[in-house]
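Peer 1: The sequence isn't on hand, but the structure is:
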(Lines give C-alpha, C1' and ligand atoms only; values in the text may rest on other atoms or scores of the structure.)
Protein backbone atom coordinates (compact mmCIF):
# COMPACT_ATOMS: atom_id res chain seq x y z
CA UNK A 1 0.00 0.00 0.00
CA UNK A 2 1.35 3.43 -0.98
CA UNK A 3 0.52 6.66 0.69
CA UNK A 4 -0.33 9.78 -1.22
CA UNK A 5 2.22 12.53 -0.96
CA UNK A 6 1.59 16.05 -2.01
CA UNK A 7 4.12 18.53 -3.23
CA UNK A 8 3.50 22.25 -3.11
CA UNK A 9 5.26 24.42 -5.63
CA UNK A 10 5.18 28.17 -5.19
CA UNK A 11 5.95 30.39 -8.15
CA UNK A 12 6.08 34.12 -7.54
CA UNK A 13 4.19 35.88 -10.28
CA UNK A 14 2.30 39.05 -10.95
CA UNK A 15 -0.92 39.53 -12.86
CA UNK A 16 -1.03 42.78 -14.83
CA UNK A 17 -3.64 44.28 -17.09
CA UNK A 18 -2.48 45.19 -20.55
CA UNK A 19 -4.85 46.28 -23.28
CA UNK A 20 -7.87 45.00 -21.36
CA UNK A 21 -6.36 41.53 -20.92
CA UNK A 22 -4.71 39.93 -17.93
CA UNK A 23 -1.05 39.02 -18.34
CA UNK A 24 0.86 36.70 -16.00
CA UNK A 25 4.40 37.94 -15.44
CA UNK A 26 7.00 35.69 -13.82
CA UNK A 27 9.92 37.19 -11.86
CA UNK A 28 12.31 36.93 -14.79
CA UNK A 29 9.64 38.02 -17.26
CA UNK A 30 9.38 34.66 -19.01
CA UNK A 31 8.60 31.00 -18.49
CA UNK A 32 11.22 28.39 -19.48
CA UNK A 33 10.14 26.15 -22.32
CA UNK A 34 7.07 28.25 -23.04
CA UNK A 35 6.84 30.59 -25.97
CA UNK A 36 6.16 34.16 -24.88
CA UNK A 37 2.48 34.99 -24.95
CA UNK A 38 1.47 37.14 -27.86
CA UNK A 39 0.32 40.49 -26.67
CA UNK A 40 -2.46 42.53 -28.10
CA UNK A 41 -2.11 46.22 -28.80
CA UNK A 42 -4.42 48.51 -26.83
CA UNK A 43 -7.03 49.40 -29.48
CA UNK A 44 -7.98 52.75 -27.90
CA UNK A 45 -4.35 53.84 -27.73
CA UNK A 46 -3.60 52.70 -31.29
CA UNK A 47 -6.70 54.50 -32.59
CA UNK A 48 -5.73 57.68 -30.73
CA UNK A 49 -2.20 57.55 -32.20
CA UNK A 50 -3.58 57.11 -35.71
CA UNK A 51 -6.03 59.99 -35.31
CA UNK A 52 -3.37 62.25 -33.81
CA UNK A 53 -1.05 61.71 -36.76
CA UNK A 54 -3.93 62.21 -39.21
CA UNK A 55 -4.90 65.49 -37.54
CA UNK A 56 -1.27 66.62 -37.53
CA UNK A 57 -1.08 65.93 -41.28
CA UNK A 58 -4.24 67.96 -41.86
CA UNK A 59 -2.79 70.92 -39.96
CA UNK A 60 0.63 70.70 -41.63
CA UNK A 61 -0.90 70.49 -45.10
CA UNK A 62 -2.68 73.80 -44.53
CA UNK A 63 -6.12 72.28 -44.94
CA UNK A 64 -7.03 73.82 -41.57
CA UNK A 65 -5.49 77.05 -40.35
CA UNK A 66 -5.80 76.41 -36.63
CA UNK A 67 -6.65 73.88 -33.94
CA UNK A 68 -9.99 75.62 -33.55
CA UNK A 69 -10.84 75.17 -37.22
CA UNK A 70 -9.88 71.50 -37.17
CA UNK A 71 -11.74 70.86 -33.91
CA UNK A 72 -14.87 72.47 -35.37
CA UNK A 73 -14.61 70.41 -38.57
CA UNK A 74 -14.06 67.17 -36.61
CA UNK A 75 -16.80 68.11 -34.11
CA UNK A 76 -14.52 67.61 -31.11
CA UNK A 77 -13.40 69.83 -28.26
CA UNK A 78 -10.34 71.95 -29.03
CA UNK A 79 -8.59 71.02 -25.75
CA UNK A 80 -9.11 67.30 -26.48
CA UNK A 81 -7.59 67.80 -29.92
CA UNK A 82 -4.58 69.52 -28.34
CA UNK A 83 -4.10 66.63 -25.89
CA UNK A 84 -4.31 64.06 -28.66
CA UNK A 85 -1.85 65.94 -30.87
CA UNK A 86 0.76 65.58 -28.10
CA UNK A 87 0.77 61.85 -28.92
CA UNK A 88 2.63 62.75 -32.12
CA UNK A 89 5.56 63.82 -29.92
CA UNK A 90 6.14 60.33 -28.53
CA UNK A 91 9.49 58.75 -29.33
CA UNK A 92 9.39 56.38 -32.30
CA UNK A 93 10.45 53.40 -30.15
CA UNK A 94 7.53 54.04 -27.79
CA UNK A 95 5.09 54.29 -30.70
CA UNK A 96 6.44 51.00 -32.06
CA UNK A 97 6.10 49.36 -28.63
CA UNK A 98 2.50 50.60 -28.35
CA UNK A 99 1.64 49.25 -31.81
CA UNK A 100 3.21 45.89 -30.89
CA UNK A 101 1.36 45.77 -27.56
CA UNK A 102 4.70 45.91 -25.75
CA UNK A 103 4.41 49.35 -24.17
CA UNK A 104 5.70 49.76 -20.62
CA UNK A 105 3.23 49.08 -17.81
CA UNK A 106 1.00 52.03 -17.15
CA UNK A 107 1.37 53.58 -20.60
CA UNK A 108 -2.31 53.82 -21.43
CA UNK A 109 -4.42 56.40 -23.21
CA UNK A 110 -5.87 57.87 -19.98
CA UNK A 111 -2.38 58.06 -18.45
CA UNK A 112 -0.95 59.80 -21.52
CA UNK A 113 -3.91 62.22 -21.61
CA UNK A 114 -3.04 63.29 -18.05
CA UNK A 115 0.55 64.10 -19.00
CA UNK A 116 1.19 67.67 -20.02
CA UNK A 117 3.70 66.90 -22.76
CA UNK A 118 6.10 64.04 -23.42
CA UNK A 119 9.63 65.05 -22.39
CA UNK A 120 12.16 65.78 -25.05
CA UNK A 121 14.62 64.51 -26.18
CA UNK A 122 13.22 61.13 -27.15
CA UNK A 123 15.87 59.21 -25.18
CA UNK A 124 14.42 60.52 -21.90
CA UNK A 125 10.81 59.60 -22.63
CA UNK A 126 10.95 55.91 -21.78
CA UNK A 127 12.66 56.61 -18.45
CA UNK A 128 10.24 59.40 -17.53
CA UNK A 129 7.07 57.64 -18.68
CA UNK A 130 7.99 54.39 -16.96
CA UNK A 131 9.11 55.80 -13.63
CA UNK A 132 7.03 58.92 -13.04
CA UNK A 133 3.31 59.37 -13.08
CA UNK A 134 2.19 55.91 -14.15
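Peer 2: Looks like it arrived, so ask away. This one's a predicted model, so the numbers in the text were calculated from it and none came from an experiment.

Peer 1: okay, CA-based contacts and neighbour counts for the rest of this
Peer 2: OK.

Peer 1: and residue 104, how many neighbours?
Peer 2: Using other CA atoms under 10 Å, residue 104 is surrounded by 16 other residues.

Peer 1: and the gap between residue 72 and residue 57?
Peer 2: As judged by CA to CA, to the nearest Å, residue 72 and residue 57 stand 16 Å apart.

Peer 1: the helices in this protein, which residues?
Peer 2: 43-60, 67-74, 78-85, 92-99, 109-114, 122-131 (DSSP state H).

Peer 1: So, low pLDDT: which residues of the chain?
Peer 2: 1-2, 18-20, 28-39, 116-134 (pLDDT under 70).

Peer 1: Now render the helices of the chain as a markdown table, adding distance to residue 4.
Peer 2: Compiled in a markdown table, the helices of the chain are given as follows (distance: least, CA to CA, whole Å):
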| stretch | distance to residue 4 |
| --- | --- |
| helix 43-60 | 49 |
| helix 67-74 | 69 |
| helix 78-85 | 61 |
| helix 92-99 | 49 |
| helix 109-114 | 51 |
| helix 122-131 | 48 |
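
Peer 1: Reformat those as CSV; add distance to residue 24 and mean neighbour count.
Peer 2: Formatted as CSV, these follow (distance: least, CA to CA, whole Å; neighbours: other CA atoms under 10 Å):
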stretch, distance to residue 24, mean neighbour count
helix 43-60, 20, 16
helix 67-74, 40, 15
helix 78-85, 31, 17
helix 92-99, 19, 16
helix 109-114, 22, 15
helix 122-131, 19, 14
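
Peer 1: of all these, which lies closest to residue 10?
Peer 2: Closest to residue 10 of the helices of the chain is helix 122-131 (CA to CA; 28.9 Å).

Peer 1: Just give me the neighbour total for the spatially closest residue to residue 100 that is not a sequence neighbour.
Peer 2: Counting by CA to CA, 6 or more residues apart in numbering, the nearest residue to residue 100 once its immediate chain neighbours are dropped is residue 41, at 5.7 Å. Residue 41 has 18 neighbouring residues, counting by other CA under 10 Å.

Peer 1: Thanks again, I'm all set now.
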